[in-house]
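K.L.:
Quick one, fold the following:
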Amino acid sequence: MKYLNQSATAHELDLLFEWIKLPENKKLFSEFVQMHYAITYNMNDPDHKKTLAELLFVIKKEKSLAYRIRNKIGYRYATAAMIIGLIFSIYLFKDQVFHNRTANKEPIIVNNEINPGINKAILTLDNGSQLTLEKGDTLHTQNAESNGEELIYEAKQKNVGEVAYNYLTIPRGGYFFIKLSDGTKIWLNSDSKLKYPVSFNKGETRKVELVYGEAFFDVSPSTINGDSKFVVINESQEIVVMGTEFNVKAYEDESNIYTTLVEGKVSVNFSNSQQILIPNQQLNYDVETKKSLIKKVDVSNEISWKEGLFNFNGKSLREIMKVLSRWYDIDVVFENEQISDEEFVGSLSKDQNIEDILSSIKNFGIIKEYKIIEKTIILK
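P.N.:
Reported below is the predicted structural model:
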């Protein structure tokens, strides 16, 4: 269970991986996967072998993460504890899971029109004309080209005097990648809008605006751009960067702006104040109270959306449903407001069917029932 709730150390992941290599242990772990799958997906004809293979792959990946602390003490005791924990988990949940399957009501689903997000965006040119970008479509303009999954601007810097700006708007249920003319890479999440120059004036500050939404920036270094700074602005703050990777979350329906630094260094300016961030720090700025808080975070959790995952560790159901509403372009109604503060711990794939996600949340006892009526989800 430590692995599934993401509290296992790298050492424990190593032990688990080595333990699974034995055929008899692999069989036991497969049974455990079946039980967990039952908890998460209500045993709707699961593919146990595929699930096991995917978990083994993720274990291999996670055990190499540098931020997990390795501890060589107590190898035998840790191994025994993990094995006992796995066996105990299988039989502890077995009766409960199958009891819940028969006791819970089937969800009401009417004309389910909900699908995961796809590559799509609206490009607004400097003359005001709008072009739709979607997967499978191609586009060629004077300065850029797109294959429907990404928008790439011609790599050039020139002195043009007045700078021409384009806008890239990502609707609910969409996401997109853009590469600016200076080489900066930007991933835009659902319900986001970016304003940026078609090309930058050589030697001048490179400035873009995250009008609203969420974006991950991989900024081209100033050393290859004439020592020019890169600045990201929005209505409430300004971020000055010098060759770095960071995430900004600034949605219109939220009063907080979250700036998370992955690599490099940034200076965040707001309300006549300035804060310097170092890697693995997040600045939470409250637009209404004008107060800010810096804390250390697991950046992999904060940017998991970019890698195709929802990471909901420590998130309330209301926060979770807000994220899902943008990604699946849905409306959510709480018939029981008390459940909105309940927390769900775990990671989910962004490609999952919405019914699978809701069943997972339901099977963990957070909600009792749910309904899907076209593009509206009702929770109780």
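K.L.:
I'd like the average pLDDT over the lengthiest strand in the chain.
P.N.:
Longest strand in the chain, counting residues (DSSP state E): strand 206-218. Regarding strand 206-218, the rounded mean pLDDT is 98.
K.L.:
In the sheet, which strands lie alongside that strand, parallel or antiparallel?
P.N.:
strand 185-188 (antiparallel), strand 192-197 (antiparallel), strand 230-233 (parallel), strand 245-250 (antiparallel) (DSSP bridges).
K.L.:
Rebuild those as a markdown table, extending it with distance to residue 206 and mean neighbour count.
P.N.:
(Each C-beta comes from the backbone N, C-alpha and C, glycine too.) Shown next, in a markdown table, are the strands paired with strand 206-218 (distance: least, C-beta to C-beta, whole Å; neighbours: other C-beta atoms under 10 Å):
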| stretch | distance to residue 206 | mean neighbour count |
| --- | --- | --- |
| strand 185-188 | 12 | 21 |
| strand 192-197 | 8 | 22 |
| strand 230-233 | 5 | 21 |
| strand 245-250 | 15 | 22 |
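K.L.:
Go ahead and produce PDB holding the CA coordinates of the longest strand of the chain.
P.N.:
Output of strand 206-218 as PDB, limited to C-alpha atoms (Å, rounded to 0.1, in the frame of the first residue of the first chain):
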ATOM      1  CA  ARG A 206      11.600  39.000 -24.200                       C
ATOM      2  CA  LYS A 207       8.100  39.500 -22.700                       C
ATOM      3  CA  VAL A 208       5.100  37.200 -22.900                       C
ATOM      4  CA  GLU A 209       1.800  37.300 -21.000                       C
ATOM      5  CA  LEU A 210      -0.100  34.400 -19.500                       C
ATOM      6  CA  VAL A 211      -3.500  36.100 -19.700                       C
ATOM      7  CA  TYR A 212      -5.000  33.200 -17.700                       C
ATOM      8  CA  GLY A 213      -4.700  29.500 -17.100                       C
ATOM      9  CA  GLU A 214      -1.700  27.300 -16.500                       C
ATOM     10  CA  ALA A 215       1.600  26.900 -18.400                       C
ATOM     11  CA  PHE A 216       4.900  25.200 -18.100                       C
ATOM     12  CA  PHE A 217       7.900  27.300 -19.400                       C
ATOM     13  CA  ASP A 218      11.200  25.900 -20.600                       C
END
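K.L.:
What are the contacting residues of that strand?
P.N.:
167, 170, 180, 182, 184-197, 200, 225, 228-234, 241, 244-252, 303, 305-306 (C-beta atoms under 8 Å, 6 or more residues apart in numbering).
K.L.:
Spell out which residues make up each domain of this structure.
P.N.:
Annotated domains of the chain cover 10-103, 118-302, 309-379 [automatic domain parsing].
K.L.:
who wins for proximity to residue 112 among these?
P.N.:
domain 309-379 (5.0 Å; C-beta to C-beta).
K.L.:
Ends of the closest one, what's the gap?
P.N.:
Its start and end residues considered, domain 309-379 measures 23 Å (C-alpha to C-alpha, to the nearest Å).
K.L.:
Could you identify the helix or strand that succeeds the least confident helix or strand in the chain by mean pLDDT?
P.N.:
Within the chain, confidence by mean pLDDT, DSSP states H and E is lowest for helix 75-103 among all helices and strands, at a mean of 44. Downstream of helix 75-103, the first helix or strand assigned by DSSP states H and E is strand 108-110.
K.L.:
Return the distance of that next one from the chain's centre.
P.N.:
Taking C-alpha atoms, centre = their mean, to the nearest Å, the mean C-alpha location of strand 108-110 is offset from the chain mean by 28 Å.
K.L.:
What pairs with it, parallel or antiparallel?
P.N.:
Counting by DSSP bridges, the strands paired with strand 108-110 are strand 370-373 (parallel).
K.L.:
Fine by me, we can end here.
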